[in-house]
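Peer 1: quick one, structure for this:
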Amino acid sequence: MAEPVHVEEVLREAKGMNCVLVYTFVLPELRQAVALGAQKYGLCAVDIMGPVLTALGTIMPGPPKLQAGLVHRLDEDYFERIEALEFAVRYDNGKDFRGLVWADVVLIGISRTSKTPLSLYLANQKIKAANLPLISGVSPPEELFALPPEKIIGLTVSPEKLVEVRQERLKTMGLEPNADYASPERISKEVAYAEEIMAKLKCPVLDVTNMAVEEIATKIMQLINKGENV
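Peer 2: Here you go, the predicted model:
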C-alpha cells in the first residue's frame, strides 16, 4: 500500500517534467498528500477518485469504506464462486470419480436426497462439492473409500417422505405415480443399502427429511469446518 512518504518520492521525481499526474487513491490522506505535493512542486495533478467518492457519498445509505483493494478482493471472490460452480457441474451425480479427491466435500445418497441442489448451493459459498448417487446393487467406486470419512457427508431421508417426493417427481414427468421408482418396497431397500454404505465409510450422516436446502447446507458447512482434512 502506498504511503505519504512514497507519494513524496514520486512527486520529487516528477518535478520539472512536462507531465500530468493522474491518481485514484481511495484514502483521503493520500489524496491530500498528492494535492499538496503537486502544488509544492508546481505539478499538474488530477484526482479521479475523490470527486467520485464524494458524489457517491451523497446518494449511498452509508459512508464509503475507504479501503484500498476491495474491488480486487471482490473479483477474487467472484472467480472462486465460478470455479466452485464449474466444479459442482463437472462432478455432479458421479460423472467423473477422479474429481472426488479434489472436492472440499463429497455428498452421497440415493436419488432425490437433494445432492445436486446442495452442491450448487455450496458452490455459491465457494465450496467445491462433488456428489455421488448410491444405487442399490451397484458398488460405489474405490475412489470414495479412499477419502477420509470427514470429507464425505451421507444424506438420508425417511422412506415415507421419499415416496411422496418421488411420486411428485413422476407426476411432473407425466408418468404414473405408482411406478416402481416410487414404490415403498424399493425405496426401503435403497435407504437400507445407502445406510449400509455410509456405515462402512464411517462418514457423518444427515437426515434431510423435511429440511430446506439452506438448512442442510448450513449443517454441512459446520461439519466440514470441523474436519482437519477438508
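Peer 1: hey, where'd the strands end up in this protein?
Peer 2: 20-23, 44-47, 105-109, 129-133, 152-156, 205-207 (DSSP state E).
Peer 1: so the chain: which segments form each domain?
Peer 2: Domain assignment for the chain by automatic domain parsing gives 4-68, 74-226.
Peer 1: pull out the buried positions in the longest helix that the chain contains.
Peer 2: In the chain, taking DSSP state H as the definition, the longest helix is helix 70-90. Residues 84-85, 87-88 are the ones in helix 70-90 that count as buried (16 or more other Cβ atoms under 10 Å). Glycine gets a C-beta too; all of them are placed from N, C-alpha and C.
Peer 1: ok, now stretch 15-24?
Peer 2: 21, 23.
Peer 1: how about stretch 114-130?
Peer 2: Those would be 114-116, 118-123, 126-130, for stretch 114-130 by 16+ other Cβ under 10 Å.
Peer 1: same thing with stretch 29-45?
Peer 2: Neighbour-count burial for stretch 29-45 flags 30-31, 33-35, 37-38, 41, 43, 45 (criterion: 16+ other Cβ under 10 Å).
Peer 1: what's the answer for stretch 165-175, then?
Peer 2: Using 16+ other Cβ under 10 Å as the test for burial, stretch 165-175 gives 165-167, 170.
Peer 1: stretch 182-196 now?
Peer 2: By neighbour count on 16+ other Cβ under 10 Å, the buried set for stretch 182-196 is 182, 186-187, 190-191, 193-194.
Peer 1: show me those that map onto helices.
Peer 2: Using DSSP H, 186-187, 190-191, 193-194 are the members of these that sit in helices.
Peer 1: just the residues you listed now: which is nearest Met17?
Peer 2: Comparing these against Met17 with Cβ to Cβ picks out Ala194 as the nearest, at 73.1 Å.
Peer 1: tell me the contacts of that closest one?
Peer 2: Counting by Cβ atoms under 8 Å, 6 or more residues apart in numbering, Ala194 touches 108-110, 134, 154, 156.
Peer 1: about what we covered before: in a markdown table: the strands of the chain, plus distance to Asp75 and mean pLDDT.
Peer 2: A markdown table is the format used below for the strands of the chain (distance: least, Cβ to Cβ, whole Å; pLDDT from 0 to 100):
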| stretch | distance to Asp75 | mean pLDDT |
| --- | --- | --- |
| strand 20-23 | 21 | 87 |
| strand 44-47 | 24 | 90 |
| strand 105-109 | 25 | 97 |
| strand 129-133 | 23 | 97 |
| strand 152-156 | 30 | 97 |
| strand 205-207 | 34 | 97 |
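Peer 1: okay, these in a markdown table with distance to Glu176 next?
Peer 2: Formatted as a markdown table, the strands of the chain follow (distance: least, Cβ to Cβ, whole Å):
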| stretch | distance to Glu176 |
| --- | --- |
| strand 20-23 | 70 |
| strand 44-47 | 71 |
| strand 105-109 | 25 |
| strand 129-133 | 23 |
| strand 152-156 | 26 |
| strand 205-207 | 29 |
